[in-house]
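Q: Any chance you could fold what I've pasted below:
(one chain, ligands or ions: 2)
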Amino acid sequence: MTDAKTAPVLIDPTTKYPGPPFDTPKQSAPGTVHKLQPPADHGETSYEGHGRLKGRRALVTGGDSGIGRAAAIAFAREGAHVVITYLPSEEEDAREVIQLIEKEGVTAKGIPGDLKDEGFCRSLVKQASEVMGGLDILANVAGKQTHQKSIEDITTEQFDATFKTNVYAMFWLCKAALEVMPAGGTIINTASIQSYDPSAILLDYASTKAAIVAFTKALAGQVAERGIRVNAVAPGPVWTALQPSGGQPMDKLKDFGSHVPLKRPGQPVECAPVYVFFASDASSYVTGETYGVTGGNPLP
Ligand code: NAD
Ligand code: MG
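A: Ligands and ions are numbered 1, 2, ... in the order given. Next up, the predicted model:
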C-alpha cells in the first residue's frame, strides 16, 4: 500500500504541455524558436542528465532549434561534447544552444553552413572531429518541409532542395562520418510519421522521410560488423518553427496535434530521450530500428 507521503508524482501526458487551439504567427523559413507562441520546451530548464554519454563526441545537424536543439542540450547534459550546425541566418538561436552546452563544461561549437552542399558536409565532419578529438555520435536532425496543395505546385527547385536537405545531406554526412567513426559509434537519423502515413500536401517531404527509413535499415545492415549502429527517430506532430514557416498551412496549425490520441503536439524535449537512448550504449542490441514519438499514432 502506498500512502500519500510515498505516492509517486504522476504526470498526465495529455495535460503535460499545451494543446490546441494555437495562434502562432507565420514565419519565413527556416524560422526561429523566438516567434513560437506558446514557446517550445527544448529541455533548457527541464532536461536532467545522468552521465549516459560521458566523453562522447556528437555532431547534431539542425541543432539551433526544435528537435535538434533538444537533442544537443540533452547530449551535453549527459556529458557529451557537442558540435551543432545550422543555417547562417539562424545564428541567434544557435548562440543560445552553444551557451547552454558550454555550461555543462564540455566542448561546444557551432559551425554554420548549407547542408545541400556536399563540400560543406564533408568539411563539417572533418572540423567537428578535429574540434572534439574524434566523432562517435552523428545525429542527422536538420530537415526541410514545405506544404503544397498539388504536384503542379511543387517546383523542381523545391523537390531538389527537399531531397538535398533531407536525404543527400544524410548520405554525405554518414559517408564522411563513417571514415572517422570507431566501433561503438552511433548514427541517428530523423524520419517521421510521414514516412508511413504521408499527408497529401507533403508529397516531396513524406517521400524523403520514407527514404530515410530504408536508408537507416540498409546502412545499419552494412556497418553492423564494424560495431556501428544506425537508428532513426520518427516524430509525429512536434511544436517547432518548421511548421509555421511553410511546413503546414496556417489554418491547419490552429488544431496542430488534435488528431493524435494524446490530443496535443509533442514538445522537442519529449523526443530527446530517444536520441539519447540510440546514442548511448543502453541501446547496444538495437540497430536498423525506427522509434516513433508520435503522441499515439502507431508506426506500422
Ligand atoms: P526546426 O526548423 O527547428 O529544425 C530544422 C533545422 O534544419 C533548422 O533549424 C535548420 O538549422 C536545419 N536546416 C534546414 N535546411 C538546412 C540546410 N539547407 N542546411 C543546414 N541546415 C538546414 O524544425 P524541427 O521540427 O525540429 O525539425 C527537425 C527534424 O525533425 C526535421 O528532420 C524534421 O523533418 C523532423 N520532424 C519534425 C516534425 C515536427 O512536427 N516538427 C515531425 C516529424 C519529423
Ligand atoms: Mg532553426
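Q: Tell me where the model's unsure across this protein.
A: Applying pLDDT under 70 to the chain flags the ranges 1-2.
Q: Going along the chain, name the strands of the stretch 101-250 of the chain.
A: 108-112, 137-140, 186-190, 229-235 (DSSP state E, counting those that start in this stretch).
Q: Could you dump these into TSV with distance to Gly221 and mean neighbour count added?
A: Where you see a C-beta, it was placed from the backbone N, CA and C, and this is true even at glycine. Formatted as TSV, those follow (distance: least, CB to CB, whole Å; neighbours: other CB atoms under 10 Å):
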stretch	distance to Gly221	mean neighbour count
strand 108-112	30	18
strand 137-140	17	28
strand 186-190	13	26
strand 229-235	9	25
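Q: Save those strands as JSON lines, and put in distance to ligand 1 too.
A: Below are the strands of the stretch 101-250 of the chain laid out as JSON lines (distance: least, CB to the nearest ligand atom, whole Å):
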{"stretch": "strand 108-112", "distance to ligand 1": "8"}
{"stretch": "strand 137-140", "distance to ligand 1": "8"}
{"stretch": "strand 186-190", "distance to ligand 1": "4"}
{"stretch": "strand 229-235", "distance to ligand 1": "4"}
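Q: Tabulate the ones you listed (JSON lines), appending distance to Phe22.
A: Listed next are the strands of the stretch 101-250 of the chain as JSON lines, based on distance: least, CB to CB, whole Å:
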{"stretch": "strand 108-112", "distance to Phe22": "30"}
{"stretch": "strand 137-140", "distance to Phe22": "27"}
{"stretch": "strand 186-190", "distance to Phe22": "23"}
{"stretch": "strand 229-235", "distance to Phe22": "17"}
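Q: nearest to ligand 2, of these?
A: strand 108-112 (11.1 Å; CB to the ion).
Q: Show me what that closest one packs onto, helices and strands only.
A: strand 81-86, helix 91-102, helix 118-132 (3 or more CB pairs under 8 Å, 6 or more residues apart in numbering; DSSP states H and E).
Q: so which of these is the most packed in?
A: Among the helices and strands packed on strand 108-112, strand 81-86 has the highest mean neighbour count (mean count of other CB atoms under 10 Å), at a mean of 29.
Q: touching ligand 2 at all, that strand?
A: No - using CB under 5 Å from the ion, we find that strand 81-86 stays clear of ligand 2, coming within 5.9 Å at best.
Q: Which strands or helices does that strand pack on?
A: Using 3+ CB pairs under 8 Å, 6+ apart, the elements in contact with strand 81-86 are strand 57-61, helix 66-77, helix 91-102, strand 108-112, helix 118-132.
Q: Is there any residue in the longest one that contacts ligand 1?
A: What that stands for is helix 118-132. No - taking CB under 6 Å from any ligand atom as the criterion, helix 118-132 and ligand 1 are apart, separated by no less than 7.9 Å.
Q: Quick one: name the residues of the stretch 201-300 of the chain near ligand 1.
A: Going by CB under 6 Å from any ligand atom, the residues of the stretch 201-300 of the chain near ligand 1 are 235, 237-238, 240-243.
Q: same check, this time on the stretch 1-150 of the chain
A: Residues of the stretch 1-150 of the chain lying close to ligand 1 (CB under 6 Å from any ligand atom) are 30-31, 62, 64-68, 86-87, 90, 114-116, 141-145.
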